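K.L.:
just need the structure, nothing else, for what follows:
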Amino acid sequence: QVQLVESGGGLVQAGGSLRLSCAASGHSFKVYPMGWFRQAPGKEREFVAGITWSAYRTDYRDSVKGRFTISRDVAKNTVYLHMNSLKPEDTAVYYCAADSDYRPYDNDWGYWGQGTQVTVSS
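P.N.:
Numbering: from 1, shown residues only. Model prediction:
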């Protein structure tokens, strides 16, 4: 069982930066792939970034490549999403997710956090 709690969302101007954190608990966290997803009002939830348990592989949706970076600190049981050069279209609720299998771009992961709001003003 894995429990996930996101933090770090907020309001930022276009071009600014935020760092999201996802604190995980549960004995399996250290070997679970992790991901970040987002859902904007009226839109479906979409994959943003993913990282394998050893961090040997990361994946990003095209619209965030070069601006967002996913990382994990196993010692702190935490996954991060560093977001730079933010745009108004990045506005959404951001969710942390975990699963025993690494399935980037697939929205059906097994464990989810409660979400944190990111709002980018123009």
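
K.L.:
where does pLDDT dip in this protein?
P.N.:
27-30 (pLDDT under 70).

K.L.:
where do the strands sit along it?
P.N.:
3-7, 10-13, 18-25, 34-39, 46-51, 58-60, 68-73, 78-83, 92-98, 111-112, 116-121 (DSSP state E).

K.L.:
got these as a markdown table, with distance to residue 105 and mean neighbour count columns?
P.N.:
Heads up, the C-betas are built off the backbone N, CA and C, glycines and all. Formatted as a markdown table, the strands of the chain follow (distance: least, C-beta to C-beta, whole Å; neighbours: other C-beta atoms under 10 Å):
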| stretch | distance to residue 105 | mean neighbour count |
| --- | --- | --- |
| strand 3-7 | 19 | 17 |
| strand 10-13 | 26 | 13 |
| strand 18-25 | 19 | 19 |
| strand 34-39 | 9 | 24 |
| strand 46-51 | 5 | 22 |
| strand 58-60 | 7 | 17 |
| strand 68-73 | 14 | 18 |
| strand 78-83 | 16 | 22 |
| strand 92-98 | 12 | 23 |
| strand 111-112 | 16 | 18 |
| strand 116-121 | 20 | 17 |
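
K.L.:
who's in contact with the most centrally placed residue in the chain?
P.N.:
The residue lying closest to the centre of the chain (C-alpha atoms, centre = their mean) is residue 36, at 2.3 Å. For residue 36, the contact set (C-beta atoms under 8 Å, 6 or more residues apart in numbering) comprises 20, 22, 48, 49, 50, 70, 79, 81, 94, 95, 96, 97.

K.L.:
for the fifth one, list each beta-bridge partner.
P.N.:
Pointing back at residue 50 there. residue 35, residue 59 (DSSP bridges).

K.L.:
that one contacts residue 33, correct?
P.N.:
Yes. Residue 50 lies in contact with residue 33 (C-beta atoms under 8 Å); the separation is 6.4 Å.
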